[in-house]
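Peer 1: Would you be able to build a 3D model of this:
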Amino acid sequence: QVQLVESGGGLVQPEGSLRVSCAASGSILSINVMGWYRQAPGKERVLVARITHSGSTNYADSVKGRFTISRDNAKNTVYLQMNVLKPEDTAVYYCNAAVVTRAGTFLEVWGQGTLVTVSS
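Peer 2: Next up, the predicted model:
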């Protein structure tokens, strides 16, 4: 069994910065892609950014130049550094991971979500 635990959400003023983290634990052999998605009230969940095991990244157009995704493979942890935050970035941010377990199975795992609110 594999779990993802997010942390670091909260309230921040417009133009401010925040970093959210997501740590994976459990029966993990390797993690291929890790990513962050967000879901604003009344809207669908959408991709924010993702990163491969080797460090290749891609971003939603709306966050390019403001957000940076990174990961620590030794800690099975992914980070999202968010700068120049805007009110429209307000959402629940979910971590996602494509995991190969020690049993050799493939799992797509979601975290429970962390709320980021951008408001003055």
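Peer 1: Need phi/psi at the spatially most central residue of the chain.
Peer 2: Closest to where the C-alpha atoms of the chain average out (CA atoms, centre = their mean) is residue 36, at 2.8 Å. Reported as degrees, to the nearest 10, the phi and psi values for residue 36 are phi -120, psi 130.
Peer 1: and the residue lying farthest from the centre of the chain, what does it touch?
Peer 2: Note on the chain: the largest C-alpha distance from the chain mean falls to residue 103, namely 25.2 Å (CA atoms, centre = their mean). Residue 103 makes contact with residue 27 under the criterion CB atoms under 8 Å, 6 or more residues apart in numbering. For the C-beta atoms, the positions are set from N, CA and C on the backbone; glycine is no exception.
Peer 1: Wasn't it part of a helix?
Peer 2: No: under DSSP: H, G, I helix; E, B strand; the rest coil, residue 103 falls outside any helix and is assigned coil.
Peer 1: Can you tell me the closest non-neighbouring residue to residue 25?
Peer 2: Nearest non-adjacent residue to residue 25, counting by CB to CB, 6 or more residues apart in numbering: residue 3, 5.5 Å away.
Peer 1: Confirm that the one you found sits in a helix.
Peer 2: No: using three-state DSSP, the assignment for residue 3 is strand, not a helix.
Peer 1: Pull the number of nearby residues for it.
Peer 2: Residues lying near residue 3 (other CB atoms under 10 Å) number 14.
Peer 1: That one contacts residue 24, doesn't it?
Peer 2: Yes: contact criterion CB atoms under 8 Å: residue 3 and residue 24 qualify, at 7.1 Å.
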